[in-house]
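# Here you go, sequence then predicted model.
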Amino acid sequence: MNNPILSIFIPAYNAAKTLPEVIERIPRDLWADIGAVTVIDDGSADDTAKVVERMMAEYPKLKLHRFERNRGYGQAVRKGLGFCRESGSDFCACLHADGQYPPEKLVQFVDHMQRYRVDVLQGSRHLQGTARAGGMPRYKIAAGKTLTWMENLCFGLALTDYHSGFLMYSRRALRSIPFERLSGYFDFDLEVIATARALGLHISELGIPTRYAGEKSHLNPIKYGLRTLRVMARYKMGRYAAAPARAPAP
């Protein structure tokens, strides 16, 4: 496949200060192969939408979709994935508006997915040992390693990180995974991996740098941990092995 089309979406909540840098960090030479970069403004109370509207003059492929009220991470990601599915793009990437995950890696990720026919590609903060160097708190590293050990046992994989949120999808994954049935909370991404595994899709990971700069987290760690355990239990019960949303593309 030459010059595959990539769609990008960015779930954003009160991200007016950090969002411009994320968009500016998308490699300039990649824009020719980008179908759209859609910001999903999840009911922000700041100037997130105005920032996007100002940047549209410089970035014609930049789009904005607004929720009138905050619906939560999972619903914002579902909306973004829906746009990517409708666009017919070859690949789809989720970037986060706080700048923790590297737009500079998008070209490498697309190349890896093409070469190895990957359907869901996870950006791992632990594969190359960058988590601590990038400022991740020690308790998060310890908790993440424990969860990852359990998840690998559950899913029969050998990933080093299930929770970065820097995910890329092939067209086959977009057409196969029933995103509309998955969680509206932060465990959405783990349900994506569980569903992809249940459907026999190819899951892989690449290392990414980690950058923690005091961003405000909206995630309740206890609630998230319990929901992670619930995803694993549901996987073991066969809850993610339902028929795909659409027939996979050839």
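Ah, there it is. Numbering: from 1, shown residues only.
# which residue packs closest to Ala158, ignoring adjacent ones?
Nearest residue to Ala158 in three dimensions, chain neighbours excluded: Asn152, at 5.9 Å (C-beta to C-beta, 6 or more residues apart in numbering). To be clear about C-beta, it is placed using only N, CA and C from the backbone, and glycine gets the same treatment.
# Could you double-check that that neighbour sits in contact with Thr146?
No - in this structure, Asn152 is not within contact of Thr146 by C-beta atoms under 8 Å, at 11.2 Å.
# ok, those two, which is more surrounded?
Asn152 (14 against 11; other C-beta atoms under 10 Å).
# Tell me the secondary structure at the more buried one.
The three-state label given to Asn152 by DSSP: H, G, I helix; E, B strand; the rest coil is helix.
# swap in Tyr185?
coil.
# got a list of what the closest residue to it other than its chain neighbours touches?
Nearest residue to Tyr185 in three dimensions, chain neighbours excluded: Gly74, at 5.2 Å (C-beta to C-beta, 6+ apart). By C-beta atoms under 8 Å, 6 or more residues apart in numbering, the contact list for Gly74 reads Leu182, Ser183, Gly184, Tyr185, Phe186, Asp187, Phe188.
# what's near enough to touch the last one?
Think Phe188. Tyr73, Gly74, Val77, Arg78, Leu182.
# how near is Leu64 to Glu21?
According to C-beta to C-beta, to the nearest Å, Leu64 stands 17 Å off from Glu21.
# Equivalent analysis for Arg234, please.
Counting by C-beta to C-beta - Arg234 and Glu21 are separated by 37 Å.
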